[in-house]
Every structure is written in C-alpha cells, then in structure tokens.
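J.: please work out how this folds:
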Amino acid sequence: MEKTPSDMMQTVPKEKSYGSVYDYFEEFTGENLKTSVLQIKKSDNSVELTLRILLSDSLKEKMMHTEKPIYFTFGDLPGNETIKNLLAESPSLVQIELNSKENLYTISQKLKLKENLTEADKQALSPANYRFQVINEEELSVASFMGLENSLLPEDNQK
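T.: Take a look at the predicted model:
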C-alpha cells in the first residue's frame with residue numbers, strides 16, 4: 001500500500017498538544033533537525049551568530065503544539081568555556097515563530113564581547129567551537145547540536 005502525501009503529513013494528530021519541549025526531547029536528532037554552517041559576523045565588540053535549521057514535519061508539528069516556550073541559544077562545546085570567557089554578558093535566549101508552511105528557519109543571536117580581545121581570542125570565535133542548543137521553559141538545555149562548521153542541509157550539499 002502506497003502512502004499519499006496527505007498520509008505522511010499527519011504525523012501528529014492536530015489535537016495533540018505538549019506541555020513542554022521536554023516531552024519529546026529525544027526527537028531532537030540529526031534526522032529531525034538539520035543545521036547549516038554557523039555564520040559568524042564580527043563587528044567592534046560583538047558578533048552575530050546566524051544558523052539556518054531545517055525541521056522535519058513531525059518535529060515542527062510538535063513544536064507548534066507545545067504550550068510552554070521553546071528557546072534556542074549558542075554555547076561552548078561540553079567541558080569548554082572558550083566562548084563564555086570572551087563574553088561581556090550572557091546573551092538573551094532566542095525564540096522563533098513557527099508556521100505550518102515553512103520548515104527552514106533562521107536563528108540569529110548577538111553576543112556582546114569583552115573589550116580588547118587578542119587575535120587568538122578572535123580566532124576562537126570559529127563555528128567549530130560552538131554548539132546549538134534547544135532550551136526548555138526552565139532555561140535548561142534539552143538538546144545540543146555540534147559540528148556547526150559543517151552543513152547538514154540538503155541544498156548546501158548538492159554537488
């Protein structure tokens with residue numbers, strides 16, 4: 001029996017809702033959320049981080065039907081404080097507006113840097129030193145994505 005597109009779209013019943021992103025945190029996998037290369041734009045004492053993410057239909061549906069807020073942020077790799085040590089202040093968490101028509105979203109976050117960074121410090125602001133995090137309403141990380149120096153988006157990998 002062949003599946004029609006409408007069968008595939010109904011991965012989550014419309015009336016199903018979730019209290020928190022924590023209710024389905026195990027679904028934040030490379031299969032359901034793909035990231036682009038992290039873009040880092042430096043200006044005087046700040047950097048702007050921009051990442052495109054591609055959500056699967058099923059994950060996006062769940063996120064759209066979650067009562068409590070879902071946040072995103074960028075941080076150091078586990079066990080590392082390189083980026084944290086360069087920041088003048090903790091960045092605000094980011095939220096995005098999900099809609100039923102889009103699966104590709106752009107997450108942008110501005111980081112305020114300490115003054116008088118060395119050249120070595122500036123080199124540390126590389127995509128390889130960051131992880132992308134999904135944060136719940138209690139501001140706790142529920143999922144992390146590393147390897148932001150590589151794109152997993154299909155359109156970026158067409159040869």
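J.: where in the chain is pLDDT low?
T.: For the chain, the stretches flagged by pLDDT under 70 are 1-15, 159.
J.: which stretches in it count as strands?
T.: With strands called from DSSP state E, the chain shows them at 33-35, 39-43, 46-55, 71-76, 104-112, 130-135, 141-145.
J.: which residues sit against the shortest one?
T.: Strand 33-35 has contacts (CB atoms under 8 Å, 6 or more residues apart in numbering) with 51-56, 59, 132, 134, 143, 145, 148, 151-154. C-beta: built from backbone N, CA, C; applies to glycine.
J.: make it 6 Å
T.: Under the contact criterion CB atoms under 6 Å, 6 or more residues apart in numbering, strand 33-35 has outside partners Leu51, Ile53, Leu54, Leu55, Phe145, Leu152, Leu153.
J.: drop anything exposed from those residues.
T.: Among the contacts of strand 33-35, those scoring as buried are Leu51, Ile53, Leu54, Leu55, Phe145, Leu152 (criterion: 16 or more other CB atoms under 10 Å).
J.: redo the residues you listed as a markdown table? Include distance to Leu77.
T.: Below are the buried ones among the contacts of strand 33-35 laid out as a markdown table (distance: CB to CB, whole Å):
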| residue | distance to Leu77 |
| --- | --- |
| Leu51 | 15 |
| Ile53 | 18 |
| Leu54 | 22 |
| Leu55 | 23 |
| Phe145 | 11 |
| Leu152 | 17 |
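J.: which one of those residues is nearest Asn80?
T.: Phe145 (15.2 Å; CB to CB).
J.: give me every residue that touches the residue nearest the centre of the chain.
T.: The centroid of the chain falls nearest to Phe132 when counting by CA atoms, centre = their mean (4.8 Å). Counting by CB under 6 Å, 6+ apart, Phe132 makes contact with Leu51, Phe74, Phe145.
J.: over to Glu137?
T.: Contacts of Glu137 by CB under 6 Å, 6+ apart are Ser20, Lys68, Pro69.
J.: in JSON lines, list these along with neighbour count and distance to Glu115.
T.: Formatted as JSON lines, these follow (neighbours: other CB atoms under 10 Å; distance: CB to CB, whole Å):
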{"residue": "Ser20", "neighbour count": "16", "distance to Glu115": "39"}
{"residue": "Lys68", "neighbour count": "13", "distance to Glu115": "37"}
{"residue": "Pro69", "neighbour count": "13", "distance to Glu115": "33"}
